[in-house]
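S.K.: predicted model, plus sequence, below.
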Amino acid sequence: MKQALYIDCCIRGEASRTRKLAESFFAALPDGWQVTAVNLMEEDFRPLAGEFFERREALLKAGKTDDSRFDRARELAAADLVVIAAPFWDMSFPALLKVYIENVSVEGITFRSTAEGLKGLCAAERCVFLTTRGGAYPAGDPLEQAVPYLRAIQMFFGMGDLTCVAADGLDLDGADPEALLADACAEAAALARTLRPSETR
């Protein structure tokens, strides 16, 4: 069975509009996927600093990439499909997602250094980013930095194409947020239905 990793950064929990987008996606995902969810609000991730960082560096220097500290990195590296759900905050996404990325960026697991440069080691051939935004940010808008950053991470880790589904303009004057979210949920479900396990790799 193919492995799908769901990285849940829906800070508002059940009240999250992004969570509704993710629920629509996973409800439509074809059979054959084993979904593992990582709820970032329940994880003990911390920024890489101080003693927490030094212990990590000591493990890597000793070659102990099998330590439990790196379980989430191994999980990410092994996934066939990676789905990230996070709202648009402060021009990108909540800091908690960046902290997760810092913690799973592990040489020898998600990437390695070679004579030619850095090489990604992750297996996923497809990545999906689900997000909701109060404002409207067309592709390429410099005020929207979540998608460019995640595309760079996707390439750094050696993953396949990243597709973004966004519910835009939910909080603009005159907007119909329920209709906009419903349209985005339908788009997310349509995307999920195309991701048949036999066709992703």
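M.R.: Arrived safely, thanks for sending.
S.K.: is the residue nearest to residue 103 when sequence neighbours are not counted in a helix, a strand, or coil?
M.R.: Nearest in space to residue 103, with sequence neighbours left out and distances taken as Cβ to Cβ, 6 or more residues apart in numbering, is residue 45 at 5.1 Å. Where C-beta positions appear, they are placed from N, C-alpha and C, glycine not excepted. Recorded secondary structure, residue 45: coil (DSSP: H, G, I helix; E, B strand; the rest coil).
S.K.: so who does residue 45 touch?
M.R.: Neighbouring residues of residue 45 by Cβ atoms under 8 Å, 6 or more residues apart in numbering: 96, 99, 100, 103.
S.K.: helices - which of those residues land there?
M.R.: Of these, the ones assigned to helices by DSSP state H are 96, 99, 100, 103.
S.K.: select only the buried ones of the residues you listed in ChimeraX?
M.R.: Here is the ChimeraX selection string for the buried members of the ones in helices among the contacts of residue 45, based on 16 or more other Cβ atoms under 10 Å:
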select :96,99,100,103
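S.K.: which one of the ones in helices among the contacts of residue 45 is nearest residue 134?
M.R.: Ranked by distance to residue 134 (Cβ to Cβ), the ones in helices among the contacts of residue 45 are led by residue 96 at 18.7 Å.
S.K.: from what I can see that closest one touches residue 42, true?
M.R.: No - judged on Cβ atoms under 8 Å, residue 96 makes no contact with residue 42 at a distance of 10.7 Å.
S.K.: returning to that earlier point: and which of the contacts of residue 45 is nearest residue 51?
M.R.: Nearest member of the contacts of residue 45 to residue 51, counting by Cβ to Cβ, is residue 103, at 14.9 Å.
S.K.: any idea how far residue 73 is from the closest one?
M.R.: 7 Å (Cβ to Cβ, to the nearest Å).
S.K.: repeat that for residue 19.
M.R.: The gap separating residue 19 from residue 73 is 25 Å, by Cβ to Cβ.
S.K.: wait, a helix at residue 171?
M.R.: No - under three-state DSSP, residue 171 falls outside any helix and is assigned coil.
S.K.: how about it, what does it touch?
M.R.: Going by Cβ under 8 Å, 6+ apart, residue 171 touches 134, 135, 177.
S.K.: can you pull the contacts of residue 155?
M.R.: residue 120.
S.K.: which SS state does it fall under?
M.R.: Under the three-state scheme (three-state DSSP), residue 155 adopts helix.
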